[in-house]
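1. A structural model of the following input is requested.
(3 chains)
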Amino acid sequence: MAPAATLLAILFLIPIAIVAAYSLLSRGPYGGVMPPWNVENYMRLADPLYLSILWRTILYSFLATAVCLLAGFPLAWFISRSGTRKGLFLALVIVPFWTSFLVRTYAWMFLLRDTGLINSTLQWLGLIHDPLPLLYNPFAVIVGLVYGYLPFMILPIYSTLEKLDPALLEASADLGARPMTTMFQVVIPLAKPGMLAGGVLVFISCLGAYLTPDLLGGGKTIMIGNLVQNQFTAARDWPFGAALSLLLMAVVMAMLMPVLRREKDGLL
Amino acid sequence: MSRWLSLYAVAAYVFLHLPLAVLAVFSFNSSRFTAWESFSFTWYHAAFSDSQLGEATVNSFLIGTAATVLATAVGTLCAYALWKRSSLWMTSTLYLSMVTPEIVLGIALLALYQWMFRYLGLQLGMHTVILAHVMFCTAYVVTVVAARLRTMDASLEEAALDLGATEWEAFFRVTLPQLVPAIVSAALLVFITSFDDFVITSLVAGVDSETLPMVIYAMARKGFNPAVNAISTMIVVGLGVLILLSSRLEHKA
Amino acid sequence: MNRRVFLMGVPGLAGCSRGGAQRLNVFNWTEYVAPETIPGFEREFGVRVRYGVYESAEEMLARVMSGNSGWDVVFPANYFIAPMVQLGLLAEVDHSKLDNLGTLDARFQKPHWDPDLRYGIPYMWGATGILYQSNLQPPIEAWSDLWQPRVRGKITMLDDPAEVLGAALKALKFSLNSEDRGELARAKDEAARQKPLLRAYVNEIVRDQLVAGELMAAQVWRSTAMRAMESAGGRLRFVYPREGYPLYADTITILKESKRRELAHAFINYLTRPKVAARIAEVKLESTCNAGARELLPPVLRDHPVLYPDEATMQRGEWFAPLSGEAQKLRDRLWTEIKSS
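-> The predicted structure follows:
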């Protein structure tokens, strides 16, 4: 198995090596890269403008991950407890994601906008007079991120909870533990690897998001994903885009390392 | 508490399916715009007569299925190998591959392919798309399967080994069956990721491997085309019915 | 979705399709030909066409840059021609194989970006302007109107640095393609000053919100405006701003890597036939560069003031041009500042 794993690692490392090489080259006039080699792209990173964008991205991603965890855990728990319907309920989580991300985002735009479903329903019920500004703000971005990556939280948690033996819960109840105690003493510790895996998947996915801030945020705030995307499209500055990505990767790895290390068996 | 949980589950499913309901409703709207006009099958007609959409859907299914099978197999083995002998080096590599922004990975892969193909006389196509998808989805599988492995007891497999099973037997007979829920979860994640990927796919696709997201994103550029709603609705309903049927069959079995 | 379609997707079988008929690979924007355009060509020449679509010019460029992409004909904008020629991607077109160049509009016979039409045959042209609710009094006439307090929270701009900086440059009476640090810095300040008035930076999806009456005005591409006006009737009006506005033209080009040049020329010849071009312009509500085709359009389209504005209006327009690397770098930095302000 070791050779296969090594091969895989090489496959992953080659693209990363290419990115690293790009970040040290100069910008080609119409995209692409060319000599000479230099570190100018890294110098440009040390700029409060880019660092503040990085900071905002991490903040949004963290928030979205937290909401995903709070919203996803009960649902994963519900699915894992639903006996023979497990498969069906799990599938129901996945069904919406067979559609394109773009199409789903457009649907959210329709739900959230001034004459959209939510505002017109609230107005029809007489709860509000003027439409609420739901679209084109950080709130909409967070909603979009949570919606987009919720399955990445639910599925790993489910796959760890699924194993939970009902007898264990009964035993806990028989011993006089209240449901909440059982939850915190038995269930959550068991689900911890799943929550961790889900958290990492959601957090990392949010960091790279670019369409959600553009469409639901109305392009008024910019995340690091947009910045990277711009370097490879409108700005045609591949080396700087590569340097930005490496900065992002370095920061995320630095954040993940303690988590990876602290776990006893060093697996995750 | 269980009543509250059920109530919450209903609310969560509404949240997940609301956008889907919206696009299903508008797929039957006669207007091109998101304002209800009248009921019509116009967009279903348009979707069916658009050979590009149909072909792209088929391509997406082929690519998604191949990538799912490959990434799930490779990722599961990888997670297992890491469970047996952890390696911070390899874990870090996997995470690095996940953190790489899509467009950067896409550009790097394109460069790699083009450089290799210049000498081999090959062109971009389905195979390059599948390879790219396997590369960025494998890490998801490892993460999900590894999480499940960590809740497992290693002594079970050791017992099997003590009883004379070979390593492969122990893996296939003892460990693998316990991993099924994680493998299914991972496979579902890989499929939706592959089926929906635009950025990387659009960079490494060839002349004959246009996928559904590529067509949808390109269409959106000229103003949204509700034929996309129609085809999305058909995919969801089609796969949904399949799932319902299979869960019925499971019940009977 | 028959077997043939299925097999076409398998890499090994790509180039050779049914009956060994030749196949031309055309890479274009979506909705840029009429439904019968491609089948018509296939029938007439007994060949097959693979019509692929791209989402952005950058996507197209990234894919054809290797010189081994498999595409034959692509449709770059006028300001992409010079870069693509420098990258050695475009083949020269052979005028002896084209019969319809004479029907091109005089404006496109000798365009400044390619005076002898060596690389690209102009196809459709487009512009950027303002679409607004026609009951708005006084009406919107200029970019600077989008800085007025009365539009606060009721307008959007395009999510595109060239367009937003372009509008600000034009409002300041500078060139769209300015590379001057001082001018660009002032344009950035203007754009940042406008940002609090904006509901969003958004592209074609703004259409629905304009039709629904949620917005007062928006900076839009003309193709978006035509679609919106088609369904909103007289409620929406499009204006070519007084200070000037961006123009661009998409051109038909043949890639140097193409091994089917003969067929590619036949395809260009076919697309420039007045009848074919007219049909496309009619169905897709675009402005054709082909004067012969325009003549064949129904009068309401032929004399449409938005599709074919008068000479004075055309004179105000400025064609997008390729920018130097330094200018692009600077503009991206300014754009990031605007977005983060």
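2. can I get the CA coordinates of the lowest-mean-pLDDT helix or strand in chain B in PDB?
-> Here the helix or strand of chain B ranked lowest by mean pLDDT, DSSP states H and E is helix B:88-99, holding a mean of 80. This file holds the C-alpha atoms of helix B:88-99, laid out as PDB (Å, rounded to 0.1, in the frame of the first residue of the first chain):
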ATOM      1  CA  LEU B  88       1.900  13.600   9.000                       C
ATOM      2  CA  TRP B  89       3.700  14.200   5.800                       C
ATOM      3  CA  MET B  90       1.000  12.500   3.700                       C
ATOM      4  CA  THR B  91      -1.900  14.000   5.700                       C
ATOM      5  CA  SER B  92      -0.500  17.400   5.100                       C
ATOM      6  CA  THR B  93      -0.200  16.800   1.400                       C
ATOM      7  CA  LEU B  94      -3.800  15.800   1.300                       C
ATOM      8  CA  TYR B  95      -5.000  18.900   3.100                       C
ATOM      9  CA  LEU B  96      -2.800  21.000   1.000                       C
ATOM     10  CA  SER B  97      -4.500  19.600  -2.100                       C
ATOM     11  CA  MET B  98      -7.800  20.500  -0.500                       C
ATOM     12  CA  VAL B  99      -6.800  24.100   0.400                       C
END
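3. and B:Trp36, what helix or strand is that in?
-> For B:Trp36, there is no enclosing helix or strand under DSSP states H and E.
4. What pLDDT does the model give it?
-> As predicted, B:Trp36 sits at a pLDDT of 80.
5. How about B:Ser209?
-> 88.
6. ok, now the one 5 residues further on?
-> B:Met214 is assigned 92 on the pLDDT scale.
7. Return stretch B:164-173 as CSV; C-alpha atoms alone will do.
-> Below are the C-alpha coordinates for stretch B:164-173, written out as CSV (Å, rounded to 0.1, in the frame of the first residue of the first chain):
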residue,chain,number,x,y,z
GLY,B,164,-4.8,-16.5,10.6
ALA,B,165,-6.4,-14.2,8.1
THR,B,166,-4.1,-12.4,5.7
GLU,B,167,-4.0,-8.6,5.7
TRP,B,168,-6.2,-8.3,2.7
GLU,B,169,-8.7,-10.8,4.1
ALA,B,170,-8.8,-8.9,7.4
PHE,B,171,-9.4,-5.6,5.5
PHE,B,172,-12.1,-7.0,3.2
ARG,B,173,-13.9,-9.2,5.8
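8. contact partners of it?
-> Stretch B:164-173 has contacts (CB atoms under 8 Å, 6 or more residues apart in numbering or on different chains) with B:80, B:157, B:160-161, B:174. All C-beta atoms are positioned from the backbone trio N, CA, C, and that covers glycine.
9. try 6 Å
-> Residues outside stretch B:164-173 that contact it (CB atoms under 6 Å, 6 or more residues apart in numbering or on different chains): B:157, B:160-161.
10. Let me know the secondary structure of the closest residue to chain A within the stretch 151-300 of chain C.
-> Distances between the stretch 151-300 of chain C and chain A by CB to the nearest CB are smallest at C:Ala200, namely 2.7 Å. Secondary structure assignment for C:Ala200 (DSSP: H, G, I helix; E, B strand; the rest coil): strand.
11. from the chain's centre, how far out does the least confident helix or strand of chain B sit?
-> Relative to the chain's own centre, helix B:88-99 is displaced by 20 Å; criterion: CA atoms, centre = their mean, to the nearest Å.
12. by contact count, what packs against it?
-> helix A:2-23, helix A:238-262, helix B:126-150 (3 or more CB pairs under 6 Å, 6 or more residues apart in numbering or on different chains; DSSP states H and E).
13. Tell me what angle that helix forms with helix A:238-262.
-> Angle, helix B:88-99 to helix A:238-262, by axes from the mean of the first three to the mean of the last three CA atoms, to 10 degrees: 130 degrees.
14. Could I get the full set of helices for chain B?
-> All helices of chain B, identified by DSSP state H, fall at B:2-27, B:42-49, B:51-84, B:88-99, B:102-120, B:126-150, B:154-162, B:167-169, B:176-196, B:199-204, B:212-220, B:227-252.
15. Put together CSV for those helices, with distance to C:Phe75 and mean neighbour count on each row.
-> Formatted as CSV, those follow (distance: least, CB to CB, whole Å; neighbours: other CB atoms under 10 Å in any protein chain shown):
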stretch, distance to C:Phe75, mean neighbour count
helix B:2-27, 30, 16
helix B:42-49, 23, 17
helix B:51-84, 16, 21
helix B:88-99, 35, 20
helix B:102-120, 21, 20
helix B:126-150, 23, 26
helix B:154-162, 59, 13
helix B:167-169, 55, 11
helix B:176-196, 27, 22
helix B:199-204, 17, 24
helix B:212-220, 12, 25
helix B:227-252, 22, 16
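16. Is it possible to get TSV of those that adds distance to C:Asp303?
-> Output for the helices of chain B, formatted as TSV (distance: least, CB to CB, whole Å):
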stretch	distance to C:Asp303
helix B:2-27	35
helix B:42-49	30
helix B:51-84	33
helix B:88-99	56
helix B:102-120	44
helix B:126-150	47
helix B:154-162	81
helix B:167-169	78
helix B:176-196	45
helix B:199-204	39
helix B:212-220	30
helix B:227-252	31
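17. how far is stretch B:177-192 from where the chain is centred?
-> The answer for stretch B:177-192 is 11 Å, by CA atoms, centre = their mean.
18. now swap in stretch A:141-156 and tell me
-> 7 Å.
19. is the helix or strand hosting A:Trp55 anywhere near chain B?
-> Taking DSSP H and E as the definition, A:Trp55 sits inside helix A:48-80. Yes. Contact of helix A:48-80 with chain B (CB under 6 Å from any CB of the partner chain) involves A:74-75, A:78.
20. The helix or strand following that helix versus helix B:176-196: what angle between them?
-> Counting by DSSP H and E, the next helix or strand C-terminal to helix A:48-80 is helix A:86-94. Using the same axes, to 10 degrees, the inter-axis angle of helix A:86-94 relative to helix B:176-196 is 20 degrees.
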